[in-house]
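> Pasted the sequence and its predicted model underneath.
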Amino acid sequence: MTKEVEHEITVHAPAGEVYRLIAEVENWPRIFPPTVYVDHVERGAGEERIRIWATANGEVKNWTSRRTLDPEALRITFRQEVSAPPVAAMGGTWIIEPLSADESRIRLLHDYRAIDDDPEGLKWIDEAVDRNSRSELAALKSNVELARASEEVTFSFEDTIQVNGSAKDVYDFINEADRWEERLPHVATVRLDEVSPGLQILEMDTRAKDGSTHTTKSYRVCFPHHRIAYKQVTLPALMTLHTGYWTFRENEDGVAASSQHTVVLNTANITRILGPEAGVAEAREYVRNALSTNSRATLGHAKRHAEQQR
């Protein structure tokens, strides 16, 4: 027996913009708090397969979904390829309806079955879908509205160095974060938990130039030997969001190793941290310098490590 449910919410943003934020999965770590990373497995005309890593009750899960995109009708349908028990099948539709030039309604439809139509299983799915849909829509509303308001405080940048070595050796250095304490001067302590192959929880204390230390926690998704994506969940005071990835691209001179960051500033803390005269421009510069300094230092040590392995 298939059950169908619907949830909805109204947001202060144009329908086309809301559709785009949901359609472009690279936005998901920014607009859905549980989402760590989303990867395209296949892409075609209006059809795609995506792999999603997200937290649920403190654990990181991943699954693959098929999606059909209809930008004209502002609809996206999705279907899980392999569902986790007690779910036998799960799918649904996002429908974005314009209410005015800058307001829209988001409708989220689900259809699902429990394994063997088990009543207890169905009750568990009912509760999970209801709870997740409500929290997802509430987060989507606040983050879509914030994304519009926060273009000035959202920015991305990348640092790249050329390494005369192999992508595997540079990747290994970044992947083996449990050894950073002995390998990187700015890292004071590290706690690394590899939940399953390629999925890590990284907690570390790093030293700033002024000698102070701060603690950060990240979820990392590792793809040997070309990419490590992460989402920071314990953040320094000047950021409300920090995601990024390390990439390793082989070329004729060795490998181009890059560190990319996307940041949303926490404007409420700017004057407390940087003084009464500071504004968004000063905070951007401060955060970019701090992250870049650590990234470039880490890439420099990775370069030395990889070149010694040759």
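Right, received. Where do you want to start? Numbering: from 1, shown residues only.
> Strands along the stretch 101-250 of the chain, start to end?
Applying DSSP state E, counting those that start in this stretch to the stretch 101-250 of the chain gives strands spanning 103-114, 154-163, 187-196, 199-207, 213-223, 227-234, 239-251.
> Tell me the gap between the last one and the middle of its chain.
Right, strand 239-251. Centroid displacement of strand 239-251 relative to its chain, using C-alpha atoms, centre = their mean, to the nearest Å, is 11 Å.
> Who does that strand pair with, and is each partner parallel or antiparallel?
Strand 239-251 has its sheet partners listed here by DSSP bridges as strand 227-234 (antiparallel), strand 254-265 (antiparallel).
> can you put those in JSON lines and add mean neighbour count?
For glycine as for every other residue, the C-beta is placed from the backbone atoms N, C-alpha and C. JSON lines is the format used below for the strands paired with strand 239-251 (neighbours: other C-beta atoms under 10 Å):
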{"stretch": "strand 227-234", "mean neighbour count": "19"}
{"stretch": "strand 254-265", "mean neighbour count": "21"}
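> and Asp159, which of the ones you listed is closest to it?
Nearest to Asp159, of all the strands paired with strand 239-251, is strand 254-265, at 5.1 Å by C-beta to C-beta.
> quick check: mean pLDDT across that closest one?
For strand 254-265, mean pLDDT rounds to 96.
> okay, it in PDB with CA atoms only?
Output in PDB follows, covering the C-alpha atoms of strand 254-265 (Å, rounded to 0.1, in the frame of the first residue of the first chain):
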ATOM      1  CA  GLY A 254      52.900  16.800 -11.800                       C
ATOM      2  CA  VAL A 255      49.700  17.800  -9.900                       C
ATOM      3  CA  ALA A 256      47.800  21.000  -9.300                       C
ATOM      4  CA  ALA A 257      46.600  20.900  -5.700                       C
ATOM      5  CA  SER A 258      43.800  23.300  -4.700                       C
ATOM      6  CA  SER A 259      41.900  24.300  -1.600                       C
ATOM      7  CA  GLN A 260      38.500  25.900  -2.100                       C
ATOM      8  CA  HIS A 261      36.300  27.600   0.500                       C
ATOM      9  CA  THR A 262      32.700  28.900   0.600                       C
ATOM     10  CA  VAL A 263      31.900  31.100   3.600                       C
ATOM     11  CA  VAL A 264      28.800  33.000   5.000                       C
ATOM     12  CA  LEU A 265      29.900  35.600   7.500                       C
END
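> Next, the buried residues of the helix or strand just after that strand.
Sequence order places helix 270-274 as the next helix or strand after strand 254-265, per DSSP states H and E. Neighbour-count burial for helix 270-274, counted by 16 or more other C-beta atoms under 10 Å, picks out Ile270, Leu274.
> Columns distance to Ala88 and mean pLDDT on top of the strands of the stretch 101-250 of the chain, output as TSV?
Formatted as TSV, the strands of the stretch 101-250 of the chain follow (distance: least, C-beta to C-beta, whole Å; pLDDT from 0 to 100):
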stretch	distance to Ala88	mean pLDDT
strand 103-114	4	97
strand 154-163	40	96
strand 187-196	24	93
strand 199-207	26	93
strand 213-223	27	93
strand 227-234	30	95
strand 239-251	33	95
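> Out of those strands, which gets nearest to Ala84?
Evaluated with C-beta to C-beta, the strands of the stretch 101-250 of the chain place strand 103-114 nearest to Ala84, the distance being 11.8 Å.
> Next, the buried residues of the closest one.
Buried residues in strand 103-114, counted by 16+ other C-beta under 10 Å: Ser104, Ile106, Leu108, Leu109, His110, Tyr112, Arg113, Ala114.
> Distance check, Thr247 against Val255.
Look at Thr247 and Val255: by C-beta to C-beta, to the nearest Å, they are 10 Å apart.
> Tell me how many other residues surround the residue nearest to Leu192 when sequence neighbours are not counted.
Leaving aside its sequence neighbours, Leu192 sits nearest to Asp178 (C-beta to C-beta, 6 or more residues apart in numbering; 4.0 Å). The local packing of Asp178 (other C-beta atoms under 10 Å) involves 15 other residues.
> cool, Thr213 as well?
Residues lying near Thr213 (other C-beta under 10 Å) number 13.
> for it, which residues make a bridge with it?
Beta bridges link Thr213 to Arg207, judged by DSSP bridges.
> I figured it hits Met204, correct?
No: counting by C-beta atoms under 8 Å, Met204 is not a contact partner of Thr213; they are 9.6 Å apart.
> and for these two, which residues touch both?
Ala188 (C-beta atoms under 8 Å, 6 or more residues apart in numbering).
> State the distance from His301 to Phe223.
21 Å.
> Repeat that for Gln309.
Distance from Gln309 to Phe223, by C-beta to C-beta: 20 Å.
> what's the answer for Arg191, then?
Between Arg191 and Phe223 the computed distance is 22 Å (C-beta to C-beta).
> Going along the chain, name the helices of the stretch 1-150 of the chain.
Ranges of helices in the stretch 1-150 of the chain, per DSSP state H, counting those that start in this stretch, are 15-23, 28-31, 119-149.
> Please consider this matter closed, and thank you.
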